[in-house]
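Asks: Prediction below, plus the sequence it came from.
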Amino acid sequence: MVFRSPTGTRRRRGGFRWQIMLLFAVGAAFYYMSNQKTVPLVCDKEFSQNGPEMCRKQLRTMKHGQEVQLGLQSYQQILSDNRQNLVQGGTQYNAIQQIGNDLAAAAEPWDPGFEWQYNLIDSPQANAFALPGGYTAVYTGLLPIAETVDGLAVVMGHEIGHALAHHGAERMAQQNMQRIIGAGVSLGSGGMDMGAQRAVMGVFGGISQYGYALPFSRKHESEADYIGLVLVARACYDPREAPKLWERMGAGAGATPPEFQSTHPAPTTRVANFKKWMPEAIEIYNQNCTKKIRNF
């Protein structure tokens, strides 16, 4: 494609400038290699038998204090937004406090110094979360799906697993690396015509989303499933409720996208994983626990 500059001379658009892309790729590689941390718990043989098979390094740059402070700020904002819907007492509230304390005690040897808090929010959302620092909340819409105290422990264990594994901090570091590479792609294609630039950025966006971000998100979910299952067993809640819970969650989710397009593993994948991990969880449970599944 040829166009005229303001001086009237003719100039041809160039191709992709690989030198610029290479410079940014080297920067991204340095950023990645210099910020590698071992994922907690799954890499610790003292925590679990099968965890070391899942052991990996994660990209993480945020210091513990910064991570906890961000978690606290987000938590306070959520509680403020829902201050009229906070449940302050009752059987369900007490169950969440007890489960949270039991799971925190089970995680105590690997606790990086969290300030555990648990709240119940009256909302139809079938959801729960645990932010960095141990700031945890459950929405009442989840309770009918959990059905039992053990089912609720499975959900809370999963969310707490995310926090203990620093998945939030890892996700932020991954986004930073994507931005570095994205800047290189954008500058590298700067000499191309607008249509070609859009095509290049579109390809980069697809690769970044489906080849990097979504697979890592699914990995985070599987790690949280595993960590939560072991915590549940260590805290003497019945781990056999885990696949039943996710079957109920899958049944209530309605139509879902193909797994490669999703942030979460397919319900069938999660149930299969739980069944694979279950012998270890039952062994932990049977060593110290005699509790049965209980209802609210």
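Replies: Received, thanks.
Asks: What segments of this structure are strands?
Replies: Using DSSP state E, the strands found in the chain span residues 2-4, 10-12, 36-38, 57-59, 86-87, 117-121, 128-131, 135-139.
Asks: Just give me the neighbour total for the residue lying closest to Gly51 once chain neighbours are set aside.
Replies: Among residues not flanking Gly51 along the chain, Val42 sits closest, at 4.1 Å (Cβ to Cβ, 6 or more residues apart in numbering). Just so you know, the C-beta spots here come from the backbone N, C-alpha and C atoms, and that holds for glycine as well. Val42 is flanked by 23 other residues according to other Cβ atoms under 10 Å.
Asks: if we can go back for a sec, quick one, which of the strands of the chain gets closest to Ile181.
Replies: strand 57-59 (12.8 Å; Cβ to Cβ).
Asks: Remind me what that closest one packs against, helices and strands.
Replies: Packed against strand 57-59, as judged by 3 or more Cβ pairs under 8 Å, 6 or more residues apart in numbering; DSSP states H and E, are the following elements: strand 36-38, helix 167-188.
Asks: quick one: buried residues of it?
Replies: Gln58, Leu59 (16 or more other Cβ atoms under 10 Å).
Asks: Direction included, what does that strand pair up with?
Replies: Its sheet considered, strand 57-59 pairs with strand 36-38 (antiparallel) by DSSP bridges.
Asks: Give me the below-cutoff pLDDT ranges for the protein.
Replies: 1-14, 210, 212, 252-261, 263, 291-296 (pLDDT under 70).
Asks: Show me the helices in it, by range?
Replies: For the chain, the helices defined by DSSP state H cover 18-33, 51-54, 64-81, 91-106, 143-146, 149-164, 167-188, 194-208, 214-234, 241-252, 267-288.
Asks: What are the buried residues along the fifth one?
Replies: So the one you mean is helix 143-146. So helix 143-146, judged by 16+ other Cβ under 10 Å, has buried residues Leu143, Ile145, Ala146.
Asks: roughly how far apart are the second one and Val154?
Replies: In this view, Ile145 and Val154 are 11 Å apart by Cβ to Cβ, to the nearest Å.
Asks: can you list residues touching both of the two?
Replies: Leu245 (Cβ atoms under 8 Å, 6 or more residues apart in numbering).
Asks: picking up where we left off before, closest one to Ala266 out of the buried residues of helix 143-146, please.
Replies: Using Cβ to Cβ, these come closest to Ala266 at Ile145, 17.6 Å.
Asks: got the contact list for the closest one?
Replies: When contacts are counted by Cβ under 8 Å, 6+ apart, Ile145 is found next to Ala126, Gly151, Leu245, Arg248, Met249, Gly252.
Asks: need the contact list for His166.
Replies: Lys37, Val39, Pro40, Gln58, Arg60, Glu67, Pro132 are the contacts of His166 under Cβ under 8 Å, 6+ apart.
Asks: can you tell me which of the helices of the chain comes nearest to Ala137?
Replies: The nearest among those, by Cβ to Cβ, is helix 64-81 at 6.8 Å.
Asks: so what's the backbone phi/psi at the residue nearest to Gly51?
Replies: phi -60, psi -20 (degrees, to the nearest 10).
Asks: Show me the contact partners of stretch 46-65.
Replies: Contacts with stretch 46-65, where a contact means Cβ under 8 Å, 6+ apart, come from 32, 35-39, 41-45, 70, 109-110, 112-113, 165-166, 169-170, 172-174, 176-177, 222-223, 226, 230, 277, 280.
Asks: What residues sit buried inside that stretch?
Replies: Phe47, Ser48, Gly51, Met54, Gln58, Leu59, Arg60, Met62.
Asks: how far out from the middle of the chain is it?
Replies: Here the centre of stretch 46-65 is set off from its chain's centre by 13 Å, with Cα atoms, centre = their mean, to the nearest Å.
Asks: how long is it end to end?
Replies: Distance between the boundary residues of stretch 46-65 (Cα to Cα, to the nearest Å) amounts to 26 Å.
Asks: and what of stretch 232-243?
Replies: With Cα to Cα as the measure, stretch 232-243 spans 13 Å from end to end.
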